[in-house]
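*Asks:* give me the fold of what follows.
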Amino acid sequence: MELHSVRQCLRVTFKKWCPVFVLAFVLTLAVHVLFLSERGICSAVVHFNYAGIESGYDPNGNRFDAAEMKNAVLIRQAAAAIGEDVAEEDVERIQNALEIVGEISDTVFQKIAEKTSIFGEDGLSEVTDIKEATYFPSHYTLKLHYADAGFTAQNATRYLAELLKAYEPYFYEKYGYHTSFKNSLSEANSQTYDYIDFVDILSNHLSTLRDYLAYMESQNNVRFVSRETGYSFTDLIGAIDTIRNEDVQWVTSYIISNNMTTDRTKLMDYYRYKIEDAKRALAQQNSRLDTLNAQIESYVKTNAVFPILGDNTGSRENVEPSNFEFSQPSQMYNDLISQKVSCQTSISETQEQISMLNRRVERLEAAESSGNVELLEAQLKAIDDKIQQILSDIQRTSDEFYKSEYLKNAFQTLKEPKTHMLSFSLKSTALDIVTVEAFLFGLWILVSAFYGTRTDKRRETEKEQVSK
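*Replies:* Presented below is the predicted three-dimensional model:
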């Protein structure tokens, strides 16, 4: 078939196929709009930015769960902000109407999978080279199907905005300063416990709080000083040490030296019980130490042996080989030694605790209670006031550190909530239109070629009949 015939057939059939192309375009677009589009959607885009999100972790190092953005507490809080009352079934309905979709950019996708040739730069065949096994998004689109949630288009925008507004403090409270420290210290009071027990509990809480501040200081790489409080974490640690070493120790000494108690008999019985319990723990620790000593004594290390020749003159006659032998390091042996040291430390601490409790019992048995209760109560009240003040300083300093440094811009709303009466993917729609049109274009070429071939054959047949 001549190229001229094909061109002629294409020109002849173009007018017939042109409506087909237009109709295919309209039908493909209509299918996407009417059947593949999403209706009644309010959407917003948020972004998480902190170390670990790219590996799928939250700021505490646990697995990140994007579904926290539709937490039941936040659902109710956002509804209350726009004046809506929600029942339990309403909360579940709104949660089901909220869709959270992680986004992946084209740049990141190219990093995950890249086409490479197995024949070099000029090769023809290609394989997919997997650059990264997994990818965790940091961009998320929140889609609220407001009709399913029972909202109007106007209320949907307000509701989604309030939900994101509620999530931000929720995020910083969960992954920032832990209010459990404040709650635990506030719950302890001298009315619930005996004086000395209350002081011991107070000292333990302060020790835990100090450990928290030491952890915060270890995360501080910028020598952070709060603009609001004027304190650094080192300053707050020093304040806690002052309370423990001065105020708490003075009160402890005053209580013990004066045998002050709210119930003498009850306290003595409690001390005797703690002594018995400590003795049982001491027996277990001694038994454990004996076992460890036996294991260490019977442990045989693996030796390495290197042969050494005794003559360096070059002659190998009448030379008797000798061996250089040494013990190889053993992780198991080192672990046994570490366990033994830890066990000995625990034994010493338990023995000291037993001695201390015995001294307290002897004091209570030897003398009656004395001391000024009003003075003691005043000192405990002064300590409580200092603790409440330092808790406030810690909370404000930590919040400022998390929001301005450690978790700065950790959560951001990139696109404010916006209502879409009709939403469909332009990229997907364009791809389907191009695919359908390309198929029809190829079909047009094939049909035209087939028609041209038949026309050429018919002309040749007519020419043969005329020549005869």
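
*Asks:* who touches Ala278 in this structure?
*Replies:* Ala278 sits next to Thr350, Gln353, Ile354, Leu357 when contact means C-beta atoms under 8 Å, 6 or more residues apart in numbering. No exception for glycine: its C-beta is placed from N, CA and C like everyone else's.

*Asks:* make CSV out of the residues you listed and add distance to Pro169.
*Replies:* Below are the contacts of Ala278 laid out as CSV (distance: C-beta to C-beta, whole Å):
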residue, distance to Pro169
Thr350, 45
Gln353, 43
Ile354, 48
Leu357, 46
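
*Asks:* format these as JSON lines; extra columns: neighbour count.
*Replies:* Output for these, formatted as JSON lines (neighbours: other C-beta atoms under 10 Å):
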{"residue": "Thr350", "neighbour count": "19"}
{"residue": "Gln353", "neighbour count": "16"}
{"residue": "Ile354", "neighbour count": "18"}
{"residue": "Leu357", "neighbour count": "19"}
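
*Asks:* quick one: the strands in the stretch 1-150 of the chain?
*Replies:* 38-48, 98-103, 113-117, 126-130, 139-145 (DSSP state E, counting those that start in this stretch).

*Asks:* oh, I was asking about the stretch 301-450 of the chain
*Replies:* 303-309, 321-327, 411-423.

*Asks:* do you know how far the spatially closest residue to Ile383 that is not a sequence neighbour is from Tyr402?
*Replies:* The shortest distance from Ile383 to any non-neighbouring residue, by C-beta to C-beta, 6 or more residues apart in numbering, is to Asp247 (4.9 Å). Look at Asp247 and Tyr402: by C-beta to C-beta, to the nearest Å, they are 29 Å apart.

*Asks:* the more surrounded of those two?
*Replies:* Shown here are Asp247 and Tyr402; by other C-beta atoms under 10 Å, Tyr402 has more neighbours (21 against 18).

*Asks:* Tyr172 is in contact with that one, correct?
*Replies:* Yes - contact criterion C-beta atoms under 8 Å: Tyr402 and Tyr172 qualify, at 6.0 Å.

*Asks:* where among the strands of the stretch 1-150 of the chain is average confidence lowest?
*Replies:* Looking at the strands of the stretch 1-150 of the chain, the lowest mean pLDDT belongs to strand 126-130 (a mean of 46).

*Asks:* any regions of the stretch 101-250 of the chain where pLDDT drops low?
*Replies:* 104-135, 177-191 (pLDDT under 70).

*Asks:* can you show me the helices along it?
*Replies:* Per DSSP state H, counting those that start in this stretch, the stretch 101-250 of the chain carries helices over the ranges 106-112, 146-149, 153-175, 180-187, 195-219, 233-242, 249-257.

*Asks:* closest to Gln295 out of those helices?
*Replies:* helix 195-219 (32.7 Å; C-beta to C-beta).

*Asks:* which positions in that closest one come out as buried?
*Replies:* By neighbour count with 16 or more other C-beta atoms under 10 Å, helix 195-219 contains the buried residues 195-199, 201-203, 205-206, 209-210, 212-213, 216.

*Asks:* between it and helix 249-257, how many degrees?
*Replies:* If you take axes from the mean of the first three to the mean of the last three C-alpha atoms, to 10 degrees, helix 195-219 sits at 160 degrees to helix 249-257.

*Asks:* and the spatially closest residue to Ala67 that is not a sequence neighbour, how far from Ala449?
*Replies:* Spatially, and ignoring its direct neighbours in sequence, Ala67 is nearest to Ile100 (6.5 Å; C-beta to C-beta, 6+ apart). For Ile100, the distance to Ala449 equals 51 Å [C-beta to C-beta].

*Asks:* once you drop chain neighbours, what's closest to the one residue sitting closest to the centre of the chain?
*Replies:* With distances taken as C-alpha atoms, centre = their mean, Asp58 lies nearest the centre of the chain, 1.6 Å away. Distances taken as C-beta to C-beta, 6+ apart place Phe64 nearest to Asp58, at 4.4 Å, with adjacent residues excluded.

*Asks:* may I have the phi/psi pair for the one you found?
*Replies:* Taking degrees, to the nearest 10, you get phi -80, psi 140 for the backbone angles of Phe64.

*Asks:* count the neighbours of Val26 for me.
*Replies:* Here the number of neighbours of Val26 (other C-beta under 10 Å) works out to 11.

*Asks:* repeat that for Ile256.
*Replies:* Ile256 - counted by other C-beta under 10 Å - has 17 other residues nearby.

*Asks:* ditto for Leu23
*Replies:* Neighbouring residues of Leu23 were enumerated by other C-beta under 10 Å; the total is 11.

*Asks:* that one and Val12, how far apart?
*Replies:* In terms of C-beta to C-beta, Leu23 sits 20 Å off from Val12.

*Asks:* on that earlier part again, same list (the helices of the stretch 101-250 of the chain) but as CSV, adding distance to Phe411.
*Replies:* CSV is the format used below for those (distance: least, C-beta to C-beta, whole Å):
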stretch, distance to Phe411
helix 106-112, 20
helix 146-149, 23
helix 153-175, 5
helix 180-187, 22
helix 195-219, 18
helix 233-242, 23
helix 249-257, 43
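
*Asks:* looking at those helices, which is closest to Thr265?
*Replies:* helix 195-219 (14.7 Å).

*Asks:* and that closest one, how far out from the chain's middle?
*Replies:* How far helix 195-219 lies from its chain's middle: 26 Å, per C-alpha atoms, centre = their mean, to the nearest Å.

*Asks:* which ones are touching the residue nearest to Ala67?
*Replies:* Counted by C-beta under 8 Å, 6+ apart, Ile100 has contacts Ala66, Ala67, Met69, Lys70, Tyr140, Thr141, Leu142, Lys143.

*Asks:* filter those down to the buried ones, PyMOL style.
*Replies:* In PyMOL, this line selects whichever of the contacts of Ile100 come out buried by 16+ other C-beta under 10 Å:
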select buried, resi 69+70+140+141+142+143
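
*Asks:* and the contacts of Ile100, which is closest to Leu431?
*Replies:* Distances from Leu431 to the contacts of Ile100, taken by C-beta to C-beta, are shortest for Thr141, at 19.8 Å.

*Asks:* check contacts around that closest one.
*Replies:* Taking C-beta under 8 Å, 6+ apart, we find Thr141 in contact with Ser43, Ala44, Val45, Ile100, Val101, Glu103.

*Asks:* excluding its backbone neighbours, what's nearest the first one?
*Replies:* Of all residues not flanking Ser43 in the chain, Lys143 sits nearest, at 4.8 Å (C-beta to C-beta, 6+ apart).

*Asks:* who's in contact with the one you found?
*Replies:* Glu38, Ile41, Cys42, Ser43, Leu98, Glu99, Ile100, Val101.

*Asks:* just those now: which is nearest Thr157?
*Replies:* Nearest member of these to Thr157, counting by C-beta to C-beta, is Cys42, at 5.6 Å.
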